[in-house]
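Colleague: Here is a sequence together with a model predicted from it:
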Amino acid sequence: MTPTTSNAHASQGSPAVLAAVAAAGAVAFVYGIMQPQPVRAWGMYLVNLLFWSSLAIAGPALAGMMQLTEARWSPTVKRIALTPAGFLPISFVLFLILFAGLKTLYPWVTTPDPKKAAWLNVPFMVLRTGVGVALLYWVALRFSRAVFEEQPGATESAAARSRRTRLAATLLFLFVVVVSLWGFDLVMSLDPKWYSGLLGGYYVVSTLYTGFGLVAFLTIRANARGLTAVPPAAIQDVAKLTFAMCVMWMYFFFSQYLVIWYGNVPVETKFFLRRFFNDPWRIMAFVIFVMGWLVPFAYLLKRLTGRPPTAHKPLVVILFMGWTAIFLERILLVFPAISPEDVFPFGLVEILITAGFFALFALGRRRFLSRYPL
């Protein structure tokens with residue numbers, strides 16, 4: 001059996017399995033929110049929604065950066081970066097479902113804070129989140145279609161190139177605004193007493209960290225399957241950008257931590273005290289630091305100082321470590337804020353919900369590739 005035949009057989013069988021996993025995740029979520037304490041199921045739903053939606057929108061944003069900077073080192077990488085956009089329509093529906101859980105997740109819904117009521121009220125939050133997501137996703141999908149209409153090597157009109165550039169600029173502007181709002185509205189307002197002006201930027205940078213890693217992984221995977229022939233130097237360039245975002249992620253974290261530590265205001269320090277000194281959050285914070293920054297930093301620093309390697313297995317392991325760390329970081333941001341219990345959310349329901357989101361992400365990307373082949 002040739003590799004092409006093998007891939008064809010895999011593509012025929014996998015969607016049914018993914019659909020079954022997605023259905024199991026949906027059943028687990030419904031079961032979880034019908035329990036006496038539905039906050040745990042809603043919390044894991046929020047963690048997954050933020051993680052997978054960030055991955056999906058980061059790819060088109062990176063393609064937009066390539067468009068604006070006229071990065072010509074690999075047009076194929078730009079197309080690969082757009083493929084996670086297949087999850088965006090699904091993500092929009094999942095955001096609408098999230099609104100049903102606002103009362104369970106956010107204490108300011110039932111106990112408004114008079115000082116923040118002008119911003120933290122349900123109609124305004126639903127409006128800015130819903131409209132922001134819809135607009136961002138719509139521009140991302142239009143930009144994706146415009147890029148795939150471009151024929152590699154063919155002469156195109158200045159009008160078509162100008163249209164893609166305008167869409168890319170609009171996409172990046174909306175990306176920064178809307179994803180920052182996810183950090184402020186969907187994460188920080190879980191604890192309305194705590195606030196940080198840097199959390200929005202921190203959330204954007206951590207999203208780009210996972211996004212560059214995803215583009216690097218998808219490029220390596222497409223090469224291994226014979227779908228593309230991206231040279232090692234181009235993969236090395238994506239690895240360099242992943243390294244840069246890894247450093248920026250820790251820089252933003254430390255900038256935020258340093259300001260709060262120096263200010264020593266109780267309403268701010270309690271955020272770090274519980275997450276850094278209470279188990280299991282203390283252990284989780286250490287694991288995130290090692291998996292998400294220390295090991296990737298050390299490996300990528302060594303890798304980027306030499307010639308571009310042709311073997312990428314160590315890089316793939318590092319990328320998976322980065323995604324795992326950011327997923328755990330989302331849990332660390334969400335769960336200590338919504339539950340007084342210091343318990344790691346790792347039961348069967350939470351695993352199935354996570355698996356269901358992964359299956360939906362994979363199905364969305366498959367649908368996109370069936371419409372826009374590389």
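Modeller: Nice, thanks for sending it over.
Colleague: chain center to stretch 364-374, what's the gap?
Modeller: 19 Å (Cα atoms, centre = their mean, to the nearest Å).
Colleague: again, but for stretch 274-291
Modeller: 21 Å.
Colleague: Could you work out the end-to-end span of it for me?
Modeller: Its start and end residues considered, stretch 274-291 measures 21 Å (Cα to Cα, to the nearest Å).
Colleague: Other residues contacting that stretch?
Modeller: Outside stretch 274-291, the residues that touch it by Cβ atoms under 8 Å, 6 or more residues apart in numbering are 321-322, 324-325, 328-329, 331-332, 336, 342-344. In this view, the C-beta of every residue, glycine as well, is placed from N, C-alpha and C.
Colleague: how about these in CSV, adding secondary structure, neighbour count and distance to F184?
Modeller: As requested, the contacts of stretch 274-291 are arranged in CSV below (DSSP: H, G, I helix; E, B strand; the rest coil; neighbours: other Cβ atoms under 10 Å; distance: Cβ to Cβ, whole Å):
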residue, secondary structure, neighbour count, distance to F184
M321, helix, 19, 28
G322, helix, 28, 24
T324, helix, 14, 25
A325, helix, 26, 22
L328, helix, 18, 21
E329, helix, 22, 17
I331, helix, 22, 19
L332, helix, 20, 17
P336, helix, 20, 18
D342, coil, 14, 25
V343, coil, 11, 27
F344, coil, 15, 26
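Colleague: The residue nearest in space to the middle of the chain sits in which helix or strand?
Modeller: Residue closest to the average C-alpha location in the chain (Cα atoms, centre = their mean): S54, at 2.6 Å. If you go by DSSP states H and E, S54 is part of helix 39-68.
Colleague: Tell me the buried residues in that helix?
Modeller: Using 16 or more other Cβ atoms under 10 Å as the burial criterion, the residues of helix 39-68 that qualify are 39-67.
Colleague: Output the below-cut-off pLDDT ranges for the stretch 251-374 of the chain.
Modeller: Within the stretch 251-374 of the chain, no range satisfies pLDDT under 70.
Colleague: Give me the pLDDT for P3.
Modeller: Looking at P3, its pLDDT stands at 42.
Colleague: show me the contacts for A140.
Modeller: By Cβ under 8 Å, 6+ apart, the contact list for A140 reads 57, 60-61, 85, 88, 171.
Colleague: Tell me where this protein has strands.
Modeller: Secondary structure of the chain by DSSP state E: no strands are present.
Colleague: if we can go back for a sec, ok, so of the contacts of stretch 274-291, who is nearest R79?
Modeller: G322 (22.8 Å; Cβ to Cβ).
Colleague: Can you tell me how far F212 is from L319?
Modeller: 9 Å (Cβ to Cβ, to the nearest Å).
Colleague: Now the common contact residues for those two.
Modeller: Both F212 and L319 are in contact with T242, where contact means Cβ under 8 Å, 6+ apart.
Colleague: neighbour count winner among the two?
Modeller: The neighbour comparison of F212 against L319 (other Cβ atoms under 10 Å) goes to F212, with 26 against 22.
Colleague: For the more buried one, which non-adjacent residue is closest in space?
Modeller: T242 (4.2 Å; Cβ to Cβ, 6 or more residues apart in numbering).
Colleague: what's A41 in contact with, if anything?
Modeller: 28-29, 31-33, 35, 349-350, 353.
Colleague: Recalculate using a threshold of 10 Å.
Modeller: Applying Cβ atoms under 10 Å, 6 or more residues apart in numbering to A41 gives the contacts 28-35, 101, 104, 345, 347, 349-350, 353.
Colleague: Likewise for M125?
Modeller: Listed by Cβ under 10 Å, 6+ apart, the contact partners of M125 are 99, 102, 106, 108-109, 119, 181, 185-186, 189.
Colleague: Could you pick out the buried ones from those residues?
Modeller: Buried among the contacts of M125 by 16+ other Cβ under 10 Å: 102, 106, 108-109, 181, 185-186, 189.
Colleague: could the residues you listed be laid out in a markdown table, adding distance to V230 and pLDDT?
Modeller: Putting the buried ones among the contacts of M125 into a markdown table (distance: Cβ to Cβ, whole Å; pLDDT from 0 to 100) gives the following:
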| residue | distance to V230 | pLDDT |
| --- | --- | --- |
| L102 | 43 | 92 |
| Y106 | 43 | 93 |
| W108 | 47 | 91 |
| V109 | 47 | 91 |
| L181 | 34 | 93 |
| D185 | 37 | 91 |
| L186 | 35 | 93 |
| S189 | 41 | 91 |
